[in-house]
Each structure stands twice: as structure tokens, then as C-alpha cells.
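1. When you get a sec, could you give me coordinates for this:
(2 chains)
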Amino acid sequence: GQQLNQSPQSMFIQEGEDVSMNCTSSSIFNTWLWYKQDPGEGPVLLIALYKAGELTSNGRLTAQFGITRKDSFLNISASIPSDVGIYFCAGLRTGTASKLTFGTGTRLQVTL
Amino acid sequence: GAGVSQSPSNKVTEKGKDVELRCDPISGHTALYWYRQSLGQGLEFLIYFQGNSAPDKSGLPSDRFSAERTGGSVSTLTIQRTQQEDSAVYLCASSLTETQYFGPGTRLLVL
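-> This next block holds a predicted model:
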């Protein structure tokens, strides 16, 4: 099935650094979501974006819905060790019965 | 109440056997979804339920895969005659609006 292009695939950063990852698609989505998945767990929703151009923050996380509706990015500021995990973007199109299309994931490793 | 629960958490089976995976959604959530996550990959949509009906089965990879939902609550994903390529984590999610809440998944290993 289709997956969104997400980059980078993995990142190794030091604690305190800022992180940026993005997601692109060849087609338009009406909603963009960002999830985090810890080992052995299901994905947990971090941020939801509903309007093109929207910039939304959740604590140290900031995400934006691209104005073309074909991309989104997620920033994490001042990373901490518990930020380790896999981050997935997901897109939703109107009329697709809430069927999410997921990105390929960004694996984040934070070193002390 | 509690979040989405799935059972079993891990399942090891032999090639050719049938397996049943169970999902208990969040109480009151009308929509239920099954996804498959292969090692190191993103999530692949399998099937979606609204109530007990499945308007979108487009992601089921073959006719060996089927799912049902009863009473607008519990759902079972059945894989018949399992193959090694069926090995993956099977995730269930439920929602009332657009936000989907995921369970911890069932890790299936087909030997």
C-alpha cells in the first residue's frame, strides 16, 4: 500500500539539540497527524493538523501543515532522552473513511 | 475507561495454521481499524469498521485475511493458512472522531 515519504529515516542527536523531520506526498491530504511509537507499544498521537498552513505546538513539539497540503514537518526542541522512539506522520483524506496513510517513520536516538 | 487492548500480545504459529487476533476498542468508539506493521516499516491499513459493517476492506492482502466485529465492540482478525510473510505486528485502533487511538499490537511470528 501507499506510504508517505518521511525523512530522515533515522537520527542520532545529543540531548538538548533540536530535531526536525518532514513528510511529503504526491497527493493532497486534508489532515496531517504525527504519532510517536515506543518499543512494544502502539503509536500515540502527538499533534493533529487540520488546515493548510496551520502551525501547532504541544510542549516542545511544533508541527506545520504545508500550504500545498502535500507535506508536513515536526520539530522537537531541546531533546531529552525520553524522546527516543519512532515518529510517524500520517495523512487523512476527506471521504476515505478515516483511513490513515502512514509515513515510513523516523527513528530518533538521543545520546547524553 | 481503559485504552484499546489487544490479545494475544505475542503469537508464534506454524506455517499453514490459522490464527485469530482480538481487539477490544475504547468503549463508545464507533470506528475500528486494523493495521499491519512489518519490521522497520510504517503502518499498512488493512480494514475499517463503522459499527459492525466494514465499508473499506481494501487493505486486506489476500482472501486468507478476514475480520469481523460484533456488537459494535470487539473485533477479530483471522488469518487462515498463515505464511511466513504474515509475520508482523498487527495493530488495532479505534476512534469516535478523526483521532485514532492505538492498541499495543499483537506480534505474530510464523515459523
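
2. Contacts only, for the residue of chain A at minimum distance from chain B.
-> Nearest residue of chain A to chain B, counting by C-beta to the nearest C-beta: A:Gly42, 3.2 Å away. Every residue, glycine included, has its C-beta placed from N, CA and C. Going by C-beta atoms under 8 Å, 6 or more residues apart in numbering or on different chains, A:Gly42 touches B:4, B:91, B:93, B:102-105.

3. Below-threshold pLDDT in the chain: ranges please.
-> Defaulting to chain A. A:1-2, A:95-98 (pLDDT under 70).

4. ah, I was thinking of chain B
-> Ranges of chain B meeting pLDDT under 70: B:1.

5. For the residue in it that chain A sits nearest to, list each beta-bridge partner.
-> When distances are taken as C-beta to the nearest C-beta, chain B reaches nearest to chain A at B:Phe102, 3.2 Å away. On the basis of DSSP bridges, B:Phe102 is bridged to B:Ala93.

6. From B:Ser9, how far off is it?
-> Computed as C-beta to C-beta, to the nearest Å, the B:Phe102 to B:Ser9 distance reads 14 Å.

7. quick one, strands of chain A?
-> Secondary structure of chain A by DSSP state E: the strands cover A:5-7, A:10-14, A:19-24, A:31-37, A:44-49, A:55-58, A:61-65, A:71-76, A:85-92, A:101-102, A:106-111.

8. Would you mind naming the residues that bridge with A:Ile86?
-> The partner list for A:Ile86 in beta bridges (DSSP bridges) reads A:Gln37, A:Arg107.

9. so who does B:Thr106 touch?
-> Neighbours of B:Thr106 in contact, by C-beta under 8 Å, 6+ apart: B:6-11, B:21, B:89-90.

10. Out of the residues you listed, which sit inside strands?
-> Of the contacts of B:Thr106, the ones assigned to strands by DSSP E are B:6-7, B:10-11, B:21, B:89-90.
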